[in-house]
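S.K.: next input, structure requested:
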Amino acid sequence: MTIRPLRSALYLPANRASAVEKARRADCDAVILDLEDAVAPEAKVDARAAAVAAVNEGGFGHRILVVRVNALDTEWGPADITALAGCGPDAVLVPKLCHPDEAGIYRQQLGTGPELWAMLETCIAFTQLSAISAKAAAAELTTYVMGTNDLALEMRAKLDTARAPFQPVLAQAVINARAYGLSVLDGVFNDIGDEEGLATQCREGADMGFDGKTLIHPKQLAIANAAFSPSAAEVRTAQSIRDAFAAPENAGKGVIKVGGRMTEILHLREAERTLALHAATQRNPS
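M.R.: Sure, this is the predicted structure:
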């Protein structure tokens, strides 16, 4: 089983050269060079050039290199897509995807090559999400990213650590991602100094089934990496399940007893995924 860790995805403005350089050594699984929210209108052209230069220069190692563009209906979006089509980051993250055909339009403009990632950050997106997800494969859309700040603004909802108003849409994002074979990342945590709150949200996201979390500061990386990595106990349990099913006396059995618990083939599949994720994170240590 091949697993691509996405425990931590670090946003940074593409036009901050020092931050881009530090990201090449950061303990994250993905780097998102931002051309959208983190860049002022007067700096967007320079930020685009800086993003292209960073992609061409490389040096990000195992980290998935993503560029978040401006939407196609803005004055900067079409030029962002044209520039990135010519330099080839690992993925292009598009903002405010709302309708089923939009990913295909981005793919047509971008051409073959980079994956498409999509922000889920509007109310209308969640009314259309099943249809959007059904067309994801054709557009090579591989990953959803929750945009909880923008969504909170549209919903007029309170975005606190518990995120009670957002539980239904968080679950909807995970369900659609799993149904159509996509990865899905949780939204950012805004209070950089609140490590306990971040840890709480990361644990919640992991428990809900998210692959990882988007982050706004390198100080947040270790907490996210820990939350979305299998614990030592989980690895031991997974290994014992795999070993038990591999034992000759259990050949062909669909249900066996492991550690006093009834264990089915579905538990073996989850154990194999746990071990594959653990192995992947050891190859790319945080």
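S.K.: what about the most centrally placed residue in the chain, helix or strand, and which?
M.R.: The centre of the chain sits closest to Leu185, judged by C-alpha atoms, centre = their mean, with a distance of 3.4 Å. For Leu185, the enclosing helix or strand under DSSP states H and E is strand 183-186.
S.K.: which strands and helices sit next to that strand?
M.R.: When contacts are defined as 3 or more C-beta pairs under 8 Å, 6 or more residues apart in numbering; DSSP states H and E, strand 183-186 packs onto strand 141-146, helix 167-179, helix 195-208, strand 212-215. (Each C-beta comes from the backbone N, C-alpha and C, glycine too.)
S.K.: repeat the analysis, applying 7 Å as the threshold.
M.R.: strand 141-146, helix 167-179, strand 212-215 (3 or more C-beta pairs under 7 Å, 6 or more residues apart in numbering; DSSP states H and E).
S.K.: all helices for the protein, in order.
M.R.: Ranges of helices within the chain are 17-23, 44-57, 77-85, 102-110, 123-127, 129-134, 148-155, 167-179, 195-208, 221-227, 232-246, 265-283, based on DSSP state H.
S.K.: ranking those helices by burial, who's on top?
M.R.: Per-stretch averages of neighbours, counted by mean count of other C-beta atoms under 10 Å, single out helix 221-227 among the helices of the chain, with a mean of 21.
S.K.: from Ala226, how far out is Arg261?
M.R.: 26 Å (C-beta to C-beta, to the nearest Å).
S.K.: that should have said Gly147, apologies.
M.R.: 24 Å.
S.K.: cool, Leu159 as well?
M.R.: Leu159 is 23 Å from Ala226, where distance means C-beta to C-beta.
S.K.: mind giving me the domain split of this structure?
M.R.: Following automatic domain parsing, one gets these domains for the chain: 8-227, 232-283.
S.K.: run through the bridge partners of the residue nearest to the centre of the chain.
M.R.: Val145, Gly212 (DSSP bridges).
S.K.: from Asp29, how far out is it?
M.R.: The gap separating Leu185 from Asp29 is 10 Å, by C-beta to C-beta.
S.K.: which neighbours do these two share?
M.R.: Common neighbours of Leu185 and Asp29, using C-beta atoms under 7 Å, 6 or more residues apart in numbering, are Leu6, Ala9, Gly212.
S.K.: tabulate those residues (CSV), appending distance to Leu221 and neighbour count.
M.R.: Output for those, formatted as CSV (distance: C-beta to C-beta, whole Å; neighbours: other C-beta atoms under 10 Å):
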residue, distance to Leu221, neighbour count
Leu6, 13, 21
Ala9, 10, 27
Gly212, 11, 26
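S.K.: tell me which of those residues is nearest to Ala251?
M.R.: Using C-beta to C-beta, Leu6 comes nearest to Ala251 of the shared contacts of Leu185 and Asp29, at 35.0 Å.
S.K.: from Leu215, how far out is the closest one?
M.R.: Applying C-beta to C-beta, the value for Leu6 to Leu215 is 12 Å.
S.K.: please apply the same query to Thr281.
M.R.: 16 Å.
S.K.: how about Gly181?
M.R.: 24 Å.
S.K.: neighbour count for those two, which is higher?
M.R.: More neighbours surround Leu215 than the other of Gly181 and Leu215, with 29 against 10 (other C-beta atoms under 10 Å).
S.K.: surely Gly212 and Leu6 touch.
M.R.: Yes: using C-beta atoms under 7 Å, Gly212 makes contact with Leu6 at a distance of 4.3 Å.
S.K.: overlap of the contact sets of the two?
M.R.: Asp29, Leu185.
S.K.: low-confidence stretches in the stretch 151-286 of the chain?
M.R.: 283-286 (pLDDT under 70).
S.K.: recalculate using a threshold of 50.
M.R.: For the stretch 151-286 of the chain, the stretches flagged by pLDDT under 50 are 285-286.
S.K.: straight-line length of stretch 54-74, end to end?
M.R.: End-to-end distance for stretch 54-74: 23 Å, by C-alpha to C-alpha, to the nearest Å.
S.K.: please point out which parts of that stretch sit buried.
M.R.: Of the residues in stretch 54-74, 54-55, 60, 63-72 count as buried by neighbour count, 16 or more other C-beta atoms under 10 Å.
S.K.: equivalent analysis for stretch 210-221, please.
M.R.: Phe210, Asp211, Gly212, Lys213, Thr214, Leu215, Ile216, Pro218, Gln220, Leu221.
S.K.: all set, thanks.
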